[in-house]
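Trainee: here is a sequence together with a model predicted from it:
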Amino acid sequence: MKSSNLALTGLILAVSMTTIDQTIVALSAPSIQQNLGLTHDGMQWAVNVYLLTTAAFFLLGGRVADVVGHKRMALVGIAGFGITSLLCGLAPTGDLAEPWLVTARALQGVSGAIMFPAAIGIVVDGFARESRGRAMAIFFAITGAMTAIGPIAGGYLTQWTWRAIFWVNVPIAVAAFVIVLVAARPSARRDERIDWLGAAIVASGMGLVVFGLQQASPWGWADPAVIGSLVVGAALLVLFVLVQRRSGHPLIRIAAFRDRGFTLSTIATLFASIAFISTFFFLSVYGQVSLQLSAGETGLLFLKFFIGFVVASRLGSVRFDKSGARSVVLLGGIIGAAGFGWLASSMTDLSLNAHAFFNQQTWPIVVAGAGIGLMFSPVSTDAVNRAIGASYGEVSAISQTMKNFGGALGLAVFTTIVTSRLTDLLTDSFVKLGGSASDAQTAVDRISGASGDGGSLSKLPAAIQEQILHAVRADYASAVQWAFWGMAAAMVVVAVVGVFYPAGRTSLPEGADAAPAERAATV
C-alpha cells in the first residue's frame, strides 16, 4: 500500500502538469507574444493547439495504454511532457519563434493525451477494491484543482520570465518519472491489435471539430472553412461510431454508453467543463482589463475559485462515498449556477476595491468554484467505476475528451458572444467620446481572443484619453457578463442531469477490467 500511495503521488504530480498548462499559457500570452515578437494568430495557435491535440489523441492514448501497459505509457507521457516543456521554454526569437512554439505545444498535448489515461489505469490497478474510491477521489480532486493553480502560478512566474511557466514542469516531470518508475506496479502487455483506422478517424474528426470551434470567433461562424471543419469533423465522428461497432478490437467500447449513469456522467463532465475551462480565460481578461489588476493580482482571483473548489471537492467526495453521484451532481449544478449567476450580476460594479482580497466579488467566485468542485471529482470517479467490461484507459479517455471538448466549445461560443457585444458597446462609446469605429475595432482585437494583448490597455492609440479607457473597462465588464451567464446556464444543465442520474453508489469490482475476449463479445 505504501508503494501505491507513493505511485499516486507521482501520478498526481505528472497529471497536474497537464491541467495547469490548460490555463497558465493563456494568462501569460501577452508577455510571450511581446518577447518573442509573435503575430496575433501565432500566439493564438500556441494557446489553442495544446487543447486541440489533447482532445484529438486522448482516445488513442487510452487504448495504447491498455494494450502496451499503463506504467510503460505513463513513463513515455511524463518524459515527453517534460522534454516538450523544456523546448517551449527554449523557443527562439525571430522567424523560428512561431513554428517552434506551436509545434512544441502540439507535442505537449499529445504527451498529455498519452499520460492521463495511463495514470488512471495505474491508480485502479494499484489499489484494492475497498480503497480505490478514495484514491480516485484524491486523484481527480487534486488534479482538477490544479487547473486553478495555473493562473496563480503563472502570474508570479511571468514577472520573472515567461519561460519559467514551461521550465517549472521539467523538475516536476523528473520527480514524477522517478516516483512512477520505482513505485508503480507494472501491467501486463495485452495481445490485442490497436484500431489505427479508428484512431485516425476520431483524431481527424475531433481535431476538425475543435479547430472549427476555435476559429469560429476570429473567422466568424459563417466562414466556409469553419462550417466545413465542423461538418466534416462531425461526419467523421459519426463514421468513427459506425467503425467501432463493427471492429473486433475497437478503440472504445460503444456499449459503455448503454449504462445510463456513464452517459449522464459524460454529459455532466461536458457541461461542467464549458463553465470550468472558460472561467480561467474570461476571469483573467476581466481582471486585467476591467479591474486593472496585474497578472499576479489577477491570479488571486483564481485562488478564491480554488478555495471554493478544494473545500467542496472534499465534501463532494465524502458524500459520493456514502450515497453515490446523484446528489452531488444535482447540488453541484445548483450551487455552480447560483455562483456564476451571482458573479455575472456583480461584474459591472467597478467601484469595488479590486486590489483587496476580500471584496464584493469574493463570495460569488468562491461559490462558483464550490459548485464545480462538489461534482467534478465524483462524476469523474463514477464514470470510471462504471467501466465494468471496458478498460479504464478508454473510459477515462472518453471522460477527458469530453472535458477538453467542453472547454473548446465554451471558449468558442462565449468568445463569439462577448466579442460581438463588446464591438457594439465600444463602437458606441468611442463615437460618443470623439473616437472612431476603427479605434473601437482595434481595442476589441487587442482585448478579445485567447492570445491577444488581454488587458494591455496602454497599447491603445495615443489619441484615446482617460474617458476612453474608462469606457473600455466598463464596456468589457458589460460584455463579459454574457459569458458568465452562459456558464451559469451550463451548470443548470448539470443540475438537470443530476435529477435523472441513477440513485445509489457504484464501486469498482475486482476484475472489472475485462479480458480481451470478454470486451470483444460485449461490443
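Mentor: Structure received.

Trainee: check the gap between residue 19 and residue 167 for me.
Mentor: Per C-beta to C-beta, to the nearest Å, residue 19 is found 18 Å from residue 167. Every residue, glycine included, has its C-beta placed from N, CA and C.

Trainee: neighbour-wise, which of the two wins?
Mentor: Ranked by neighbour count (other C-beta atoms under 10 Å), residue 19 and residue 167 place residue 19 first, with 21 against 15.

Trainee: packing partners for the strand or helix carrying residue 429?
Mentor: Taking DSSP states H and E as the criterion, residue 429 maps to helix 392-432. Secondary-structure packing of helix 392-432 (3 or more C-beta pairs under 8 Å, 6 or more residues apart in numbering; DSSP states H and E): helix 40-68, helix 97-126, helix 196-219, helix 260-289, helix 362-385, helix 437-447, helix 466-500.

Trainee: and that helix, how far out from the chain's middle?
Mentor: Centroid displacement of helix 392-432 relative to its chain, using C-alpha atoms, centre = their mean, to the nearest Å, is 12 Å.

Trainee: same question, stretch 359-373
Mentor: Its chain's average C-alpha position is 19 Å from that of stretch 359-373, according to C-alpha atoms, centre = their mean.

Trainee: what are the buried residues along it?
Mentor: 359, 361-373 (16 or more other C-beta atoms under 10 Å).

Trainee: which stretches of the stretch 251-400 of the chain have low pLDDT?
Mentor: Judged by pLDDT under 70, the stretch 251-400 of the chain has its weakly predicted residues at 387-394.

Trainee: over to the residue of the chain most remote from its centre. Which of the three states is it?
Mentor: Most distant from the centre of the chain: residue 434, at 41.1 Å, with distances by C-alpha atoms, centre = their mean. Taken by DSSP: H, G, I helix; E, B strand; the rest coil, the conformation at residue 434 corresponds to coil.

Trainee: can you say which helix or strand has residue 87 in it?
Mentor: Per DSSP H and E: helix 70-89 holds residue 87.

Trainee: can you give me the angle that helix makes with helix 97-126?
Mentor: 160 degrees (axes from the mean of the first three to the mean of the last three C-alpha atoms, to 10 degrees).

Trainee: packing partners of helix 70-89?
Mentor: Using 3+ C-beta pairs under 8 Å, 6+ apart, helix 70-89 is in contact with helix 2-36, helix 40-68, helix 97-126, helix 164-167, helix 169-183.

Trainee: the inter-axis angle of that helix versus helix 40-68?
Mentor: 160 degrees.

Trainee: same question for helix 70-89, mean pLDDT?
Mentor: Here helix 70-89 scores 95 as its mean pLDDT.

Trainee: mind starting the numbering at 28 from now?
Mentor: Sure, I'll start counting at 28 from here, so that last one is helix 97-116.

Trainee: now it against helix 419-459, angle please.
Mentor: Going by the same axes, to 10 degrees, helix 97-116 makes 30 degrees with helix 419-459.

Trainee: tilt between helix 97-116 and helix 29-63?
Mentor: Going by the same axes, to 10 degrees, helix 97-116 makes 20 degrees with helix 29-63.

Trainee: how far out from the middle of the chain is helix 97-116?
Mentor: Distance, centroid of helix 97-116 to centroid of chain: 19 Å (C-alpha atoms, centre = their mean).

Trainee: could you check the angle helix 196-210 makes with that helix?
Mentor: Using the same axes, to 10 degrees: helix 97-116 against helix 196-210 is 170 degrees.

Trainee: could you export helix 97-116 as PDB, CA atoms only?
Mentor: C-alpha atoms of helix 97-116 as PDB (Å, rounded to 0.1, in the frame of the first residue of the first chain):
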ATOM      1  CA  HIS A  97      -0.200   1.600 -18.200                       C
ATOM      2  CA  LYS A  98       3.100   2.100 -16.500                       C
ATOM      3  CA  ARG A  99       5.100   2.000 -19.700                       C
ATOM      4  CA  MET A 100       2.900   4.600 -21.400                       C
ATOM      5  CA  ALA A 101       2.700   6.800 -18.300                       C
ATOM      6  CA  LEU A 102       6.500   7.000 -18.300                       C
ATOM      7  CA  VAL A 103       6.500   7.800 -22.000                       C
ATOM      8  CA  GLY A 104       4.000  10.500 -21.500                       C
ATOM      9  CA  ILE A 105       5.800  12.100 -18.500                       C
ATOM     10  CA  ALA A 106       9.100  12.100 -20.300                       C
ATOM     11  CA  GLY A 107       7.500  13.600 -23.400                       C
ATOM     12  CA  PHE A 108       5.800  16.300 -21.400                       C
ATOM     13  CA  GLY A 109       9.000  17.300 -19.600                       C
ATOM     14  CA  ILE A 110      11.000  17.400 -22.900                       C
ATOM     15  CA  THR A 111       8.400  19.400 -24.800                       C
ATOM     16  CA  SER A 112       8.000  21.800 -21.800                       C
ATOM     17  CA  LEU A 113      11.800  22.400 -22.000                       C
ATOM     18  CA  LEU A 114      11.500  23.000 -25.700                       C
ATOM     19  CA  CYS A 115       8.700  25.500 -25.200                       C
ATOM     20  CA  GLY A 116      10.800  27.500 -22.800                       C
END
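
Trainee: quick check: buried residues in that helix?
Mentor: 97-116.

Trainee: ditto for stretch 225-244
Mentor: 225-226, 228-244.

Trainee: and that stretch, how far out from the chain middle?
Mentor: 16 Å.

Trainee: just the CA atoms of that stretch, as PDB, please.
Mentor: Only the C-alpha atoms of stretch 225-244 are listed here, as PDB (Å, rounded to 0.1, in the frame of the first residue of the first chain):
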ATOM      1  CA  GLY A 225     -10.400   4.200 -35.900                       C
ATOM      2  CA  ALA A 226      -7.700   6.300 -34.200                       C
ATOM      3  CA  ALA A 227      -7.100   8.200 -37.500                       C
ATOM      4  CA  ILE A 228     -10.800   8.800 -38.000                       C
ATOM      5  CA  VAL A 229     -11.500  10.000 -34.400                       C
ATOM      6  CA  ALA A 230      -8.300  12.100 -34.300                       C
ATOM      7  CA  SER A 231      -9.200  13.800 -37.600                       C
ATOM      8  CA  GLY A 232     -12.900  14.200 -36.600                       C
ATOM      9  CA  MET A 233     -12.200  15.600 -33.100                       C
ATOM     10  CA  GLY A 234      -9.400  17.800 -34.400                       C
ATOM     11  CA  LEU A 235     -11.600  19.300 -37.100                       C
ATOM     12  CA  VAL A 236     -14.500  20.000 -34.700                       C
ATOM     13  CA  VAL A 237     -12.200  21.600 -32.100                       C
ATOM     14  CA  PHE A 238     -10.400  23.600 -34.900                       C
ATOM     15  CA  GLY A 239     -13.800  24.800 -36.200                       C
ATOM     16  CA  LEU A 240     -14.900  25.900 -32.700                       C
ATOM     17  CA  GLN A 241     -11.600  27.600 -32.100                       C
ATOM     18  CA  GLN A 242     -11.600  29.600 -35.300                       C
ATOM     19  CA  ALA A 243     -15.300  30.500 -35.200                       C
ATOM     20  CA  SER A 244     -14.600  33.600 -33.200                       C
END
